[in-house]
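*Asks:* with the sequence up front, the predicted model follows.
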2 protein chains.
Amino acid sequence: MSTSSRFAVAVHILTLLEMSEGEPVTSEYVAGSVNTHPAVVRRLLGMLAKAGITTSQLGAGGGALLAKAAADVTLLDVFRAVEEGDVFAMHHGRPSPACPVGRQIQGVLEVTTDAAQRALEEQLAARTVADILADVRVRESAECSSAA
Amino acid sequence: MSTSSRFAVAVHILTLLEMSEGEPVTSEYVAGSVNTHPAVVRRLLGMLAKAGITTSQLGAGGGALLAKAAADVTLLDVFRAVEEGDVFAMHHGRPSPACPVGRQIQGVLEVTTDAAQRALEEQLAARTVADILADVRVRESAECSSAA
DNA sequence: TCAAATGTAACTACCGTAGTAACACACTAG
DNA sequence: CTAGTGTGTTACTACGGTAGTTACATTTGA
């Protein structure tokens, strides 16, 4: 299977926050861009805040803000904030301890799945929220000029 | 989230088949080692057969067999045979086309998620079912000698 | 004080996975 | 040729996670 959509939506949210340049952004505004319910956005923002990536300003005129520079927030930080557990799942029930393969398969397999997950995480660590916003802007101007 | 347990179980199954050295293995025997229901094993074997990794011998004395050398079956082959779709999911609903971020975020994000998935797949491609069985045997003898 | 906005808890609907039973079909041994 | 073994496949159930939705207490600015 695949991850939840939380990672993609979280990156989307953070890109919007970076674009607002310090102005608090409401969950309702974000929900409009993401095309979901404001409470879903607030749930994600709760996870991101717990990870120290965002903060919120309560009350009227409030909203969400980045807690640190977008260039210091890697996609791996985001991934870990909103997705829990390992990418690869092992057996549901424990394999038979009476069989050599049953005894060893999970330990052996873990070597490879751990390496695979680490390789994936290295790619995510190589890009930041600032990079994402920059790419969005490049694509926007490219489409504008080609459409004109 | 994480993948299903199908990948781990499929590797387990193939390791057992390789260990049997050409003797057909019944789904009931495999289910005993994996600790699941024979029909679950047959379902997995169906997917592996469709991918050309295993074959089955029907009737009495029948069972499952590897369709090619274990050294030619990479864990990536197995992964693709039993897990479908991409590792990373995008938004459920389509982001707002009225917002620059909404318009571009998925295309931009895909660059990174594709790279991450490719990195993961490279790791899986680097190991074969033959490697897994060899590792199982190494661990078995290590435990025997240390226990003695 | 009023209105705006968050944080959070419930509840629902939905989907994928795995466990289970059932049965037609294929094959092999005898 | 027949009895028995094992596959392939379908249908059904139970379970868990995700996300959409509503609701409400709480905080804060004007």
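*Replies:* Right, received. Where do you want to start? Numbering: from 1, shown residues only, chains lettered A, B, ... in the order given.
*Asks:* which SSE is the closest residue in space to A:H37 that isn't next to it in sequence in?
*Replies:* Of all residues not flanking A:H37 in the chain, A:A31 sits nearest, at 6.1 Å (Cβ to Cβ, 6 or more residues apart in numbering or on different chains). Every C-beta, even on glycine, is put in place using the N, C-alpha and C of the backbone. Per DSSP states H and E, A:A31 falls inside helix A:27-34.
*Asks:* how about that helix, does it reach DNA strand C?
*Replies:* Yes - legend: contact between helix A:27-34 and DNA strand C by Cβ under 7 Å from any atom of the strand is shown at A:S27, A:E28.
*Asks:* please export the C-alpha coordinates of that helix as PDB.
*Replies:* Below are the C-alpha coordinates for helix A:27-34, written out as PDB (Å, rounded to 0.1, in the frame of the first residue of the first chain):
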ATOM      1  CA  SER A  27      -7.400  26.800   8.800                       C
ATOM      2  CA  GLU A  28     -10.300  27.900   6.600                       C
ATOM      3  CA  TYR A  29      -8.100  29.600   4.100                       C
ATOM      4  CA  VAL A  30      -5.800  26.600   3.900                       C
ATOM      5  CA  ALA A  31      -8.700  24.200   3.600                       C
ATOM      6  CA  GLY A  32      -9.800  26.100   0.600                       C
ATOM      7  CA  SER A  33      -6.500  25.600  -1.200                       C
ATOM      8  CA  VAL A  34      -6.200  22.000  -0.100                       C
END
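*Asks:* contacting residues around the following helix or strand past that helix?
*Replies:* Per DSSP H and E, the first helix or strand lying C-terminal to helix A:27-34 is helix A:38-50. If you take Cβ atoms under 8 Å, 6 or more residues apart in numbering or on different chains as the criterion, helix A:38-50 is touched by A:6, A:9-10, A:13-14, A:26-28, A:30-31, A:34, A:54-56, A:64, A:67, A:78, A:81-82.
*Asks:* which among these count as buried?
*Replies:* A:6, A:9-10, A:13-14, A:27, A:30-31, A:34, A:54, A:56, A:64, A:67, A:78, A:81-82 (16 or more other Cβ atoms under 10 Å in any protein chain shown).
*Asks:* okay, and which of these map to helices?
*Replies:* If you go by DSSP state H, the buried ones among the contacts of helix A:38-50 have A:R6, A:V9, A:A10, A:I13, A:L14, A:S27, A:V30, A:A31, A:V34, A:V78, A:A81, A:V82 in helices.
*Asks:* nearest to B:E110 among those residues?
*Replies:* The closest of these to B:E110 turns out to be A:V9 (Cβ to Cβ; 14.5 Å).
*Asks:* so who does the residue nearest to A:H37 touch?
*Replies:* Applying Cβ under 8 Å, 6+ apart, we find A:A31 in contact with A:H37, A:P38, A:V40, A:V41.
*Asks:* 7 Å - rerun?
*Replies:* A:H37, A:P38, A:V41 (Cβ atoms under 7 Å, 6 or more residues apart in numbering or on different chains).
*Asks:* cool, and A:V136?
*Replies:* A:T15, B:P100, B:V101, B:Q104, B:I105, B:V108.
*Asks:* so which of those is surrounded by the most neighbours?
*Replies:* With neighbours defined as other Cβ atoms under 10 Å in any protein chain shown, the most crowded of these is B:I105; it has 28 neighbours.
*Asks:* surely that residue and B:P95 touch.
*Replies:* Yes - contact status for B:I105 versus B:P95: in contact at 6.0 Å, counting by Cβ atoms under 7 Å.
*Asks:* common neighbours of the two, please.
*Replies:* With Cβ under 7 Å, 6+ apart as the test, B:I105 and B:P95 both reach A:H12.
*Asks:* gap between whichever strand or helix holds A:I132 and the chain center?
*Replies:* Per DSSP H and E, A:I132 falls inside helix A:129-147. The chain centroid and the centroid of helix A:129-147 are separated by 20 Å under Cα atoms, centre = their mean, to the nearest Å.
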